[in-house]
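**Q** Return a 3D structure for these sequence lines:
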Amino acid sequence: MGKPKSKKPKSKKKVKLPEIQEPVELAQAPHSFVIHRGLSCPYIQDLTLDFRRLMEPFTASNLKEKKANRIKDFVSLSGVFSVSHMGIFNKRATQLSFKIVRMPRGPTLTFKVHEFTLSRDVLTLKKQQYVNEEMFQHSPLVILNNFTGEGKHIKLMANSFQNMFPSINLAQINVSTMKRCVLYSYNPVTKLVEMRHYSIQIVPVGLHKGVKKIVQGNIPNLSKCTDISDFFLQGGGGASDSEMEDEDEATTVRDVNPKINCENNKSSIKLHEIGPRLTLELVKIEDGLLTGEVLYHSTVSKTSEEIEAIRAQVEKKRKQKEYNKKVQKANQEKNKSKDNPRKKGYVPNDREDMEDDRDDEYYRQEVGEEPDEEIFRTKDTKYRKRKHSK
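**A** All right, here's what the predicted structure looks like:
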């Protein structure tokens, strides 16, 4: 008996999804990729996830990485997802580095990570942990401290830290959305950058403990109380010592929840560290995307003559690359033409084929220099040298 005919699946009609237009503020906000390269280490993977958490909401939090992925794969996707920055943790046998890349043409800042602490380790040291999911729905406030001094690299470093996050318009900002802040503090003596991540809490001042719990939305345990008044009486008649200290540093906060801060009342702003911590040292600044001219190096210094020689070498490589592209394009058009002898059954040998592609005069006109012998070296010459070396 013959095999039953398999039913072909019906082709599904492609349904065009409606194009969702994002607001201008979201579309123009800096987006980021945070990845890790180099040796595999569970602590570096956790540090990468913590840094993604810090960069929310304009980052790929669930980005999946594979060993086969290369940097150029993420660069090619940056234009599709409007990614403007990329953070790379690179683990080597001797040290851990962190790179901040401005997509798609650079510059690239390379930092040496001296110390780091994961978020879970920071939270375990705190008696009071103030973390909720709502605070990660808005970007944090960036605070730069002591980024002053001689050298353009300090200004470029400060601008790179600031441009990784959306800018703030003081006339339109809503204070109630500012739930987190990121602090970058630069020490000109040690040349180290300390990064800290805090959550912001607005606490009313001058209220009883019981009233403060209810105002902040914390539901108290009333199982041992016969009346709500018992809860306030048991909670203490006055403010605690820490609350009395907060009254001296209290301030009036506008545009917040009226349940927390009334118009005539004052509130104190408290910061709770939620991690991660990073201690960074700027090592190198490159002009391009992970390559290019070195604009700054902390340990290596070169003379003007050496810099000019490097620039000339880079320019020569660029011209050679452009020439190779033109030759490749001309060969492709030649193969597509009707007068191509290959289509008529005539296939020249390797030497004749290389002689046809050889064009010294064309190279002189386009590049303006004498071609090197290695550029137009034939396959036979390469084969003879390889055989002679053996």
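**Q** for the chain, longest helix please?
**A** Determined from DSSP state H, the single longest helix within the chain is helix 304-336.
**Q** Which SSE is immediately downstream of the helix or strand bottoming out on mean pLDDT in the chain?
**A** Within the chain, no helix or strand scores below helix 241-248, which has a mean of 46 by mean pLDDT, DSSP states H and E. Following helix 241-248 in sequence order, the next helix or strand is strand 267-273 (DSSP states H and E).
**Q** any idea how far residue 270 lies from residue 173?
**A** Distance of residue 270 to residue 173, computed by C-beta to C-beta, to the nearest Å: 20 Å. To be clear about C-beta, it is placed using only N, CA and C from the backbone, and glycine gets the same treatment.
**Q** How about residue 60?
**A** With distances taken as C-beta to C-beta, residue 60 is found 26 Å from residue 173.
**Q** Between these two, point out the one with more neighbours.
**A** Taking neighbours as other C-beta atoms under 10 Å, residue 60 and residue 173 compare with residue 60 leading, 18 against 12.
**Q** Next, the contact list for that one, please.
**A** Applying C-beta atoms under 8 Å, 6 or more residues apart in numbering to residue 60 gives the contacts 31, 32, 33, 34, 52, 81, 83.
**Q** Redo these as TSV? Include secondary structure, distance to residue 169 and neighbour count.
**A** Formatted as TSV, the contacts of residue 60 follow (DSSP: H, G, I helix; E, B strand; the rest coil; distance: C-beta to C-beta, whole Å; neighbours: other C-beta atoms under 10 Å):
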residue	secondary structure	distance to residue 169	neighbour count
31	strand	19	21
32	strand	21	22
33	strand	26	23
34	strand	26	23
52	helix	26	19
81	coil	24	11
83	strand	23	21
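**Q** Lowest pLDDT pick from those?
**A** Ranked by pLDDT, the contacts of residue 60 bottom out at residue 81, which has 87.
**Q** residues touching it, list them.
**A** Neighbours of residue 81 in contact, by C-beta under 8 Å, 6+ apart: 31, 60.
**Q** can you offset everything so residue one is 149?
**A** All right, first residue 149 from here; so that's residue 229.
**Q** Can you pull the phi/psi pair for it?
**A** Per-residue torsions, residue 229: phi -100, psi 10 (degrees, to the nearest 10).
**Q** And it, how close does it get to residue 451?
**A** Distance, residue 229 to residue 451, using C-beta to C-beta: 43 Å.
**Q** Can you tell me how far residue 196 is from residue 423?
**A** In this view, residue 196 and residue 423 are 13 Å apart by C-beta to C-beta.
**Q** the more surrounded of those two?
**A** residue 423 (24 against 19).
**Q** mind checking pLDDT for the more buried one?
**A** We have a pLDDT of 87 for residue 423.
**Q** I'd assumed residue 270 was in contact with it.
**A** Yes. With contact defined as C-beta atoms under 8 Å, residue 423 counts as touching residue 270 (3.4 Å).
**Q** Between those two, which contacts overlap?
**A** Common contacts of residue 423 and residue 270 (C-beta under 8 Å, 6+ apart): none found.
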